[in-house]
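Enquirer: Predicted model, plus sequence, below.
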Protein chains: 2
Amino acid sequence: MPGCIFCDIVAGRIPATELYRDEDFLAFRDIDPQAPVHILLIPLRHIPGLSDLTPDDADLTGRLILTATGIAADQGLDDAGYRFVVNCGRQGGQAVDHLHLHILGGRQMQWPPG
Amino acid sequence: MPGCIFCDIVAGRIPATELYRDEDFLAFRDIDPQAPVHILLIPLRHIPGLSDLTPDDADLTGRLILTATGIAADQGLDDAGYRFVVNCGRQGGQAVDHLHLHILGGRQMQWPPG
């Protein structure tokens, strides 16, 4: 999607610290980390946000979550714990209109969640 | 699972303000809401947390997310936006060891997410 910085990261036009990539997903470090571990996992395909998912995306979405739990495990977060956050729209605090899941860990996460 | 309060809610042994139920999932209002809309969506099956999901759960997990986006839409949150949060383990802030997704909306969510 022209003008989407996450599509530019997927295409290599904008650099990022990539941690994982397969045929459907890319994970990279958040450039403004809110925890010692703060990773973004995105689908390579441009999906603007949660509210744009259709039932046809259920399989992709399930594998997105399972990929994220695998990354959390690889980061050594399973024992201490971690938090997943997905923002949708303005009040959700979505900063980039390309679906992305935040994986946060390495410190005690607080409540409320923002 | 004996001793699991969310399994007790599924079974009707503990009351909750139910908003949605199908053959796999149940949604109910959080008893300690952190936003004007604060709903929990859980699988009926006792899965302790994110790190217990296996590849066999990908389909269920995808439908969990799609069910949650449907609930957000039904709650009228699509235009303004909303946030999904899933806590895993101690540092994630997981309070009940039965997988649950928080749907939060109705106010501006802040950053960091806890």
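Expert: Cool, the structure landed. Numbering: from 1, shown residues only, chains lettered A, B, ... in the order given.
Enquirer: can you map out the strands along chain A?
Expert: For chain A, the strands defined by DSSP state E cover A:18-21, A:25-29, A:37-43, A:82-88, A:101-105.
Enquirer: what are the pairing partners of the third one, and which direction each?
Expert: What it means is strand A:37-43. Using DSSP bridges, strand A:37-43 pairs in its sheet with strand A:25-29 (antiparallel), strand A:101-105 (antiparallel).
Enquirer: Tabulate the ones you listed (a markdown table), appending distance to B:Arg21 and mean neighbour count.
Expert: (Glycine included, C-beta is placed from N, CA and C.) What follows is the strands paired with strand A:37-43, written out as a markdown table (distance: least, CB to CB, whole Å; neighbours: other CB atoms under 10 Å in any protein chain shown):
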| stretch | distance to B:Arg21 | mean neighbour count |
| --- | --- | --- |
| strand A:25-29 | 31 | 20 |
| strand A:101-105 | 26 | 25 |
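Enquirer: on that earlier part again, can you add distance to B:His98 and mean pLDDT and give the strands of chain A back as TSV?
Expert: Formatted as TSV, the strands of chain A follow (distance: least, CB to CB, whole Å; pLDDT from 0 to 100):
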stretch	distance to B:His98	mean pLDDT
strand A:18-21	28	98
strand A:25-29	27	98
strand A:37-43	24	98
strand A:82-88	16	98
strand A:101-105	21	98
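Enquirer: how about stretch A:68-84: buried residues?
Expert: A:68-72, A:75, A:77-78, A:81-84 (16 or more other CB atoms under 10 Å in any protein chain shown).
Enquirer: How about that stretch and chain B, touching?
Expert: Yes: contact of stretch A:68-84 with chain B (CB under 8 Å from any CB of the partner chain) involves A:69, A:72-73, A:77-84.
Enquirer: and those, which two are the farthest apart?
Expert: A:Asp79 and A:Phe84 (16.8 Å; CB to CB).
Enquirer: The longest helix along chain A vs strand A:82-88, what angle?
Expert: Ranked by residue count under DSSP state H, the longest helix found in chain A is helix A:58-74. Interaxial angle of helix A:58-74 relative to strand A:82-88 (axes from the mean of the first three to the mean of the last three CA atoms, to 10 degrees): 140 degrees.
Enquirer: Could you pull up the mean pLDDT of helix A:58-74?
Expert: In this model, helix A:58-74 has an average pLDDT of 98.
Enquirer: list the helices and strands that helix packs on?
Expert: Helix A:58-74 is packed against strand A:18-21, strand A:25-29, strand A:37-43, strand A:82-88, strand A:101-105, helix B:58-74, with contacts defined by 3 or more CB pairs under 8 Å, 6 or more residues apart in numbering or on different chains; DSSP states H and E.
Enquirer: how about those in a markdown table, adding distance to B:His38?
Expert: Below are those laid out as a markdown table (distance: least, CB to CB, whole Å):
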| stretch | distance to B:His38 |
| --- | --- |
| strand A:18-21 | 32 |
| strand A:25-29 | 28 |
| strand A:37-43 | 24 |
| strand A:82-88 | 15 |
| strand A:101-105 | 19 |
| helix B:58-74 | 12 |
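Enquirer: Of all these, which one is nearest A:Phe6?
Expert: Using CB to CB, the helices and strands packed on helix A:58-74 put strand A:37-43 closest to A:Phe6, at 5.4 Å.
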